[in-house]
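How does the following fold in three dimensions:
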Amino acid sequence: MSASDYIWDAAAYADSAGNQGRWAAERIQRISLKGDERILDIGCGDGRAAAALAQRVPNGDVLGIDSSLGMVKLARKRHPEQIHPNLDFAHGDAGALPFENAFDLVFSNAALHWVQDHRPVLRGIARALSRGGRADLEMGGQGNAAEVRAVTEQLMAAECWRPHFQDFRFPYGFHSVEDYRAWLQAAGMEPVRVELVPRDMHHQDIDAMKAWARTTWLPFTQQVPEAQREQFVDELASRYLERCPADADGGVQVAMVRLEVEAVRR
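Below you'll find the predicted structure:
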């Protein structure tokens, strides 16, 4: 399974992805750019990160790809060519990148954990990069969202939900530093930094946490009949708050672990 196997509400996802957007903006500011680079953004979503990259390379160009056609359409609508002439979006599969020697930088934010086997992804990135080109990737890593996962597994095992999860397999690729270093080298890239970074995802209140679960926990919610999905999300949030209570202001924290990867094509 991959992100393309699920039905995405692109606008709702974009509205609930403030944490991911903030993380991307922070990373983009740290990337050293001359201004004429050719950049590929894998899993571009609503296009915010790709647009920010395009602003930093006025003499270069940026292509954002996503496996969801709805996301691509939303990105084009929110970041039109008239405003961003060096930015384009296309439907694309991270596991079957068609590019060769086409980019100086391949960027990805909070997307590649939707792919379980990253070896073909990394081979495609290496092919897509020019010699000496860089990859700057961030995704859920080993141990990511452990508390939410534990609560979800408890919920899946409950009598009323168990029938919907027969033969269910965990869909995400949350990988380790050791595995990723080996895969990068096998793909022809030299690891510069591969690190698991603990990071809290902050939700303003329980409703915001539900919106996040509703729009990103799709492999679980879409196992449930549509008429019961809101009940499933409500129970998930309620169980999570029992385990991880809201703070004094009603904010809900979700402990994440991000795998941050910087590598260079040999």
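
Check the gap between the closest residue to Thr152 other than its chain neighbours and Trp114 for me.
Distances taken as Cβ to Cβ, 6 or more residues apart in numbering place Phe220 nearest to Thr152, at 5.8 Å, with adjacent residues excluded. To be clear about C-beta, it is placed using only N, CA and C from the backbone, and glycine gets the same treatment. In this view, Phe220 and Trp114 are 14 Å apart by Cβ to Cβ, to the nearest Å.

Contact partners for the nearest residue to Ala102 once chain neighbours are set aside?
Spatial nearest neighbour of Ala102, chain neighbours left out: Ala128 (5.5 Å); criterion: Cβ to Cβ, 6+ apart. If you count contacts by Cβ atoms under 8 Å, 6 or more residues apart in numbering, Ala128 has them with 40, 97, 99-103, 106.

roughly how far is the helix or strand hosting the residue nearest to Thr152 from the heart of the chain?
Assigned by DSSP states H and E, Phe220 belongs to helix 218-221. Centroid displacement of helix 218-221 relative to its chain, using Cα atoms, centre = their mean, to the nearest Å, is 15 Å.

and that helix, what does it pack onto?
Here helix 218-221 touches helix 229-243, going by 3 or more Cβ pairs under 8 Å, 6 or more residues apart in numbering; DSSP states H and E.

in the helix it packs on, what's buried?
Across helix 229-243, burial judged by 16 or more other Cβ atoms under 10 Å covers 232-233, 235-237, 239-240.

try stretch 177-187
177, 180-181, 183-184, 187.

mind checking which helix or strand the residue lying farthest from the centre of the chain is in?
Distance from the C-alpha centroid of the chain peaks at Glu159, with 31.6 Å (Cα atoms, centre = their mean). For Glu159, there is no enclosing helix or strand under DSSP H and E.

For it, give me phi and psi.
Main-chain torsions, Glu159, degrees, to the nearest 10: phi -60, psi -40.

And for Val197?
Backbone torsions of Val197, given as degrees, to the nearest 10, read phi -120, psi 110.

Can you give me the distance of Pro225 to Gln231?
For Pro225 relative to Gln231 (Cβ to Cβ), the value is 10 Å.

repeat for Gly70
For Gly70, the distance to Gln231 - Cβ to Cβ - is 25 Å.

next one: Ala146
24 Å.

Kindly report the same for Phe174.
27 Å.

and Leu137, what does it touch?
42, 106-108, 112, 259-263.

didn't Gln154 look like it was pressed against Arg239?
Yes: the pair Gln154 and Arg239 passes the contact test of Cβ atoms under 8 Å, sitting 6.6 Å apart.

Leaving out sequence neighbours, find the closest residue to Ala96.
Ala96 sits nearest to Gly124 (Cβ to Cβ, 6+ apart), 6.8 Å away.

In the helix or strand that contains the one you found, which residues are buried?
Per DSSP H and E, Gly124 falls inside helix 119-128. Residues of helix 119-128 classed as buried by neighbour count (16+ other Cβ under 10 Å): 120-128.
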